[in-house]
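Visitor: I'd like to go over a predicted model; first the sequence, then the structure.
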Amino acid sequence: MTESQADPRLAAGAPQPDGQRSARQDSAAGVRNDGRRAARQGGSTAWTSRHRTPLRKFLFTETGSAAILAAATLAALIWANVSAASYQRFWYTKLAIDVGGHGISMDLRVFVNSGLMTLFFLVVGLEARREWDMGELRIRSRLTLPLLAGLGGMAVPIAIFLAFNAGRPSAHGWGTAMSTDTAFALGALALAGGSRLPDRVRTYLLTFSVVDDLAGIAVIAIFYSSDVKLVPLVIGAALLAVIAYIRHRGSRSGPLYLLIGLAAWVAFFKSGIDPIVTGLVIGLLTYAYPAARQDLEQATDAFRLFREQPTARLAQQAREVVRTAISPNDRLQDFYHRWTSYVIVPLFALANAGIVISGSFLAQAYASPATLGIMIGYLAGKPIGTAGTAWLVSKVTKGRVSPPIGWGACAGVGAVAGIGFTVSLLIASLAFTGTELAEAKLGILSAAVCATALSWAIFRVIGLLPARTRLRALLGTATTVTDLVAPVDPERDHIRGPKEDALVTLVEYGDFECPYCGQAEPVVRELIKEYGELRFVFRHLPLTDVHPHAQLAAEAAEAADRQGKFWDMHDTLMDHQGALETRELIRYAADLGLDTSQFAADLRKHVGAARIAEDVDSADLATVSGTPTFFVNGMRHYGAYDLATLKEAVRTAKGRAVIGAR
């Protein structure tokens, strides 16, 4: 029921008494006040970080952890060269768990490589599943290119490595030259491309590096496992099948998954197959989905019940409802990703990157087929394999399947993909021993440094190109995924700016009582002022479960539209979010020169309710669950709503539109 239905005095436009406020109104007022305080404080606010999506958080965490990973690598090299004996002695420390005569035993390095790194590959699997369910790969036709580019980016380096090592014992280490380290590569890409590099370039690297990681695990399991025991292997596979079954049945019991997952890990460890495969499989089985609006409304109701009667039982119920509103994939990523990026992977580097460096060793290593095969495989094979495969696919399909970025960016991303670290070191530790292992590690580390420099040089050249050529080299001409299900209709939608032939269309799903919409409003107005070719579309999404006046305010805007004053009322309501009672809406109508009698009658008859319901339906189709949610040229905008971030999104969309128009 809307507020106007509950209060018959709306018919006369009579003011409502202040009186006793409900807990619901107090809650909404608190939200508005918190929003105003955040706006006055400036800088980063809580709402900014809350709207960072899983992909954004993934990219941010991986990029930020690259510095820690580099520091851990440097620490390992210093430690190994200061005291090689203590370095090796420490990582050969024995660990054992024995229960009733049954248990497992391993050294500290194996515990890091096959134990803790299982969580790293769990995160890899989670991200692959998220891309499959919600990201670029949710459009199944978009799977072809990253799959083939990832495979090509492995096949060519392997071929180069084998060309150097054919007929030698070192040929067994061909898997060392194939995998890209996502964390290092994203960090190096940020260094090479600078802050103005479009997010789409980073996302492209992520999509085919996921394929790379999955294939790397398969190679470890198939080619670098020894003395495989059938019974433990069957048990481990059966336990993973049990996880798949209970996940399909909708079980949300974290302790149950943990128990079965640990049992599967032990079974694979006993079988001789590297148990990191358990993390990858569990990640791939974990669904990702956006929070549904009805789930969020249930969470609001549960919290309201707790607010009215704060008992332990209701607190538990509210906690459970809020928890289950978020997908298992998001919850696990939020918990594990920082641990893997900032602790586990750097610890892996500390355990594996230490080699003793001397002049004679360097002279011998850089002439070694193993070192040269890895270095040249990465530096030449990765860009040729990834960019060359993408070009070949584009030619064969006559452009129907092409990269979502420009060919210059493809070359730069291919170069930075030559940073192989985590999986490469893991495979090297399985394939080599002694001097050959040290030579392989040197090849991996040298390739990482050179690949970063090569990528920087490519993006530096792109930055010197004329503006239109630079845009084409970075962004390409491929169409983007359209997230906006209901296209903009100039005859129906509320549009500010040019209705036709606009290079950029910015759509907002908003709520007049939402404080975050109020904070975003000055940014939108500044964009409209700066970009004359931008058209802004406002669609209603009143969140009535948390904003009791949102529906009434939306109907007021529609009532004003009937008299040709939608945008005047829109701006007024955004500027007065804390004053949306009936009497205040009538006053705004009078101030805008509207016929107040007609305005009040339209409110009483809910003339805009059907139009608002259509907007809400279109929001549901596009899986919009909160406000404000923006779409730039049909693509959902993820991240903050500050001027710099939205301006970058608009600038990128404009660049792609300019390329497409020519």
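Guide: Sure thing, it's come through.
Visitor: From here on, just use CA atoms for contacts and neighbour counts.
Guide: Will do.
Visitor: where does His540 fall, phi/psi-wise?
Guide: With angles defined as degrees, to the nearest 10, His540 sits at phi -80, psi 140.
Visitor: ditto for Val485
Guide: Per degrees, to the nearest 10, the backbone of Val485 is at phi -70, psi -50.
Visitor: Can you tell me the closest non-neighbouring residue to it?
Guide: Ala622 (5.5 Å; CA to CA, 6 or more residues apart in numbering).
Visitor: where does the stretch 501-650 of the chain have low pLDDT?
Guide: 639 (pLDDT under 70).
Visitor: how about the strands of it, start to end?
Guide: Assigned by DSSP state E, counting those that start in this stretch, the strands in the stretch 501-650 of the chain fall at 504-510, 534-540, 629-632, 635-636.
Visitor: out of those, nearest to Phe120?
Guide: strand 635-636 (28.6 Å; CA to CA).
Visitor: What strands line up against that closest one, and which way round?
Guide: With DSSP bridges as the test, strand 635-636 is paired with strand 629-632 (antiparallel).
Visitor: Could I get the strands of the stretch 501-650 of the chain in CSV, plus columns for mean neighbour count and distance to Ser327?
Guide: As requested, the strands of the stretch 501-650 of the chain are exported to CSV (neighbours: other CA atoms under 10 Å; distance: least, CA to CA, whole Å):
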stretch, mean neighbour count, distance to Ser327
strand 504-510, 25, 23
strand 534-540, 22, 26
strand 629-632, 21, 19
strand 635-636, 19, 19
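Visitor: Output those strands as a markdown table; include the columns distance to Arg496.
Guide: Shown next, in a markdown table, are the strands of the stretch 501-650 of the chain (distance: least, CA to CA, whole Å):
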| stretch | distance to Arg496 |
| --- | --- |
| strand 504-510 | 10 |
| strand 534-540 | 5 |
| strand 629-632 | 15 |
| strand 635-636 | 19 |
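Visitor: Between the ones you listed, which one is closest to Asp489.
Guide: The nearest among the strands of the stretch 501-650 of the chain, by CA to CA, is strand 534-540 at 9.7 Å.
Visitor: Using the three-state scheme, assign Ile495.
Guide: strand (DSSP: H, G, I helix; E, B strand; the rest coil).
Visitor: ok, it to Ile528 distance?
Guide: Separation of Ile495 from Ile528 (CA to CA, to the nearest Å): 11 Å.
Visitor: now swap in Arg470 and tell me
Guide: Counting by CA to CA - Arg470 and Ile528 are separated by 25 Å.
Visitor: Which one's more surrounded, these two?
Guide: Using other CA atoms under 10 Å as the criterion, Arg470 and Ile528 rank with Arg470 on top: 20 against 17.
Visitor: The more buried one contacts Val461, doesn't it?
Guide: No: using CA atoms under 8 Å, Arg470 is not in contact with Val461; the gap is 9.4 Å.
Visitor: Show the pLDDT at the closest residue in space to Gly408 that isn't next to it in sequence.
Guide: Excluding its sequence neighbours, the residue lying closest to Gly408 (CA to CA, 6+ apart) is Ala473, at 4.6 Å. As predicted, Ala473 sits at a pLDDT of 83.
Visitor: just checking, Tyr588 touches Thr572?
Guide: Yes: using CA under 8 Å, Tyr588 is in contact with Thr572, at 7.4 Å.
Visitor: Which one of these two is surrounded by more residues?
Guide: Neighbour comparison, Tyr588 and Thr572: the larger count goes to Tyr588, with 21 against 18 (by other CA under 10 Å).
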